[in-house]
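# Fold the following for me, if possible:
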Amino acid sequence: MFAQRQLRAALTALALSGLALTALQGTAGAADAPTATASATAETSPVASIEESTARALARSLAEPAWHRQVAEAALADEEVDLLALTARSAAQPAVDLRTTLAEAETAIAKAKGLGTDTGSLLRVSLAGKPVRASALARISPLVASAPADDDADVVIAYDSAGNAHELNAGKAPERPVYVVGVDGQKALAAGLEVIDRELAAQGLGTLSTPKTHTSAAGSAAVASTGFWTTRIKSVSVADLKEPWFKGDAEIFTLVTGFGTDGKVRVDTVTMPYLDDENTTYYPNQILVNWSNYKYNLADAVLMEDDGDTNYSSLAKALATALLTITDQGMYTPLVNALIDAMPTSWWTDDPDYVDSFYTLARETADSRTGASANARMTVERYYVSAL
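Numbers count the residues shown, from 1 in each chain. Sure thing, here's the model as predicted:
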């Protein structure tokens, strides 16, 4: 399902599928309300609503031939194109007008995802459909769509440069090129995990950087001047990434949790940007657990997949609220269930999906493990990080 996961072919070959292009009843003008399908999405998914509005605005702007040529060349040169940056490089009036719309959309996207204003631009456009040369692409009447928030959507709504809405079959690749508007998932995830780290650290549930000292179980300060032990991922694979094929690459992250050296629950975030395809083994040699952060010789890891609408600020607050109620009983207690229960799934429609969990990883663990849900498999090893 994830075999050829490149935005040009997948995210993008998207549910934007099939050019069984059927114009919806009625013509959607520039100020018209979205179709019924789009409206339902807009009510439940703020990010999807912004993406859909951006797709309509981009489609209308492409009525100008010179600007359309610039977009076509950029989309063929890159798998995903930064829309705000692209408009900044163009003097065409439609690009200038679109830039104002994009600036407002970027602010709204950052707010909807609980990110700071310093995150930078997130909206991207990619190309789906039959391969074509730039000169030919610029001559084709463009269609612009955005991926629906609903994983089970049957159709994708696309717009032409006149503002007409079309339904694309979600099960077939389009016979003509289609531009797809979406969010840079990896950039948003990286910024979002920083938000979570900051919030949890402020609540005493983590730190923003690896400490040079830590407190032992007996309470004495031990200086880790020579280095520290970690658990490192040698290989990892996932059978089901919980991500529909029309969404593009998965954004996988892991929440590592245990009791910190102060006896409080601790959560460390780990991003896994390489983990794109199902049933594919990756060899990242990535550090998963830094044992100098933990009081006990055990920790848990929960793999999650971000589906797009996650509000990271809200997620961090929900995690902190739930985990602050758990106290150290003088022995290790698995925290996976408490962490999963804390996920505020009612706060967004396209919510982070549970992928799998690994209970009671020990500092001495050096073997292959299958997750509790038999969905993910990891081979880990002990690894010592020496001080400089």
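
# show me the contacts for E364.
Shown in contact with E364 (Cβ atoms under 8 Å, 6 or more residues apart in numbering): N297, R382. To be clear about C-beta, it is placed using only N, CA and C from the backbone, and glycine gets the same treatment.

# hang on, it is in a helix, isn't it?
No: using DSSP: H, G, I helix; E, B strand; the rest coil, the secondary structure at E364 is coil, not a helix.

# Return the backbone torsion pair for it.
The phi and psi torsions at E364 (degrees, to the nearest 10) take the values phi -90, psi -10.

# same thing with the one 3 residues further on?
Torsion angles at D367 (phi, psi; degrees, to the nearest 10) stand at phi -160, psi -170.

# from memory it sits against V380, does it?
Yes: the pair D367 / V380 is scored as a contact, 7.3 Å apart, by Cβ atoms under 8 Å.

# Between the two, tell me which one has more neighbours.
Between D367 and V380, V380 has the larger neighbour count (other Cβ atoms under 10 Å), namely 23 against 9.

# What residues are bridge-paired with the more buried one?
I233 (DSSP bridges).

# Next one: it relative to E52, how far apart?
Separation of V380 from E52 (Cβ to Cβ, to the nearest Å): 42 Å.

# just K187 next, same as before
Distance from K187 to E52, by Cβ to Cβ: 20 Å.

# Among these two, which residue is more densely surrounded?
Higher neighbour count among K187 and E52: E52, with 27 against 18, using other Cβ under 10 Å.

# what's the closest non-adjacent residue to the more buried one?
Once flanking residues are discounted, E52 sits nearest to S146: 4.9 Å by Cβ to Cβ, 6 or more residues apart in numbering.

# Is the one you found bridged to anything, and to what?
V181.

# Run through the strands of the stretch 251-388 of the chain in chain order.
Taking DSSP state E, counting those that start in this stretch as the criterion, the stretch 251-388 of the chain carries its strands at 252-259, 265-272, 286-290, 298-305, 353-362, 368-370, 376-386.

# avg pLDDT for the first one?
The average pLDDT within strand 252-259 is 92.

# Could you do the fifth one as well?
In this model, strand 353-362 has an average pLDDT of 89.

# One more: stretch 226-239?
93.

# Could I get the contacting residues of R99?
L84, T87, A88.

# Of these, grab the buried ones for ChimeraX.
One line in ChimeraX is enough to select the buried ones among the contacts of R99; burial here means 16 or more other Cβ atoms under 10 Å:
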select :84,87
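
# show me where the stretch 101-250 of the chain has helices.
134-139, 185-202 (DSSP state H, counting those that start in this stretch).

# Confidence-wise, which of those is weakest overall?
For the helices of the stretch 101-250 of the chain, where the average pLDDT is lowest is helix 134-139, sitting at a mean of 81.

# Mind listing residues that contact it?
P65, H68, R69, A72, E73, A75, L76, L127, P177.

# For the closest residue to A85 other than its chain neighbours, grab the count of nearby residues.
Setting aside the residues directly before and after it, A85 is nearest to S121 in space (Cβ to Cβ, 6+ apart), at 6.6 Å. By the criterion of other Cβ under 10 Å, S121 has 20 neighbours.

# Give the rounded mean pLDDT of stretch 103-115.
Rounded mean pLDDT across stretch 103-115 is 93.

# Could you number the chain from 9 rather than 1 from now on?
Renumbered: residue one is now 9, and that last one reads stretch 111-123.

# in it, what's buried?
In stretch 111-123, counting by 16+ other Cβ under 10 Å, buried: A113, E114, A116, I117, A118, A120, K121, G122, L123.

# OK, contacts around G200?
G200 touches K121, G122, L123, D314, T318, Y320, L323, counting by Cβ under 8 Å, 6+ apart.

# at 7 Å instead, please
G200 makes contact with K121, L123, T318, Y320 under the criterion Cβ atoms under 7 Å, 6 or more residues apart in numbering.

# And the third one, its phi and psi?
Reported as degrees, to the nearest 10, the phi and psi values for T318 are phi -60, psi 130.

# How many residues are close by it?
27.

# Look at it and report its pLDDT.
Looking at T318, the pLDDT reads 76.

# Show me the shaky parts of the chain.
Across the chain, the ranges flagged by pLDDT under 70 are 9-52, 157-160, 181, 216-233, 250-256, 315, 352-360.

# tell me the domain ranges of it?
30-191, 194-394 (automatic domain parsing).

# How far does stretch 110-119 sit from its chain's centre?
Relative to its chain's centre, stretch 110-119 lies at 17 Å (Cα atoms, centre = their mean, to the nearest Å).

# Not counting its own residues, what contacts it?
By Cβ under 7 Å, 6+ apart, stretch 110-119 touches 55, 58, 61-62, 91-92, 95, 124-125, 127, 129-131, 191.
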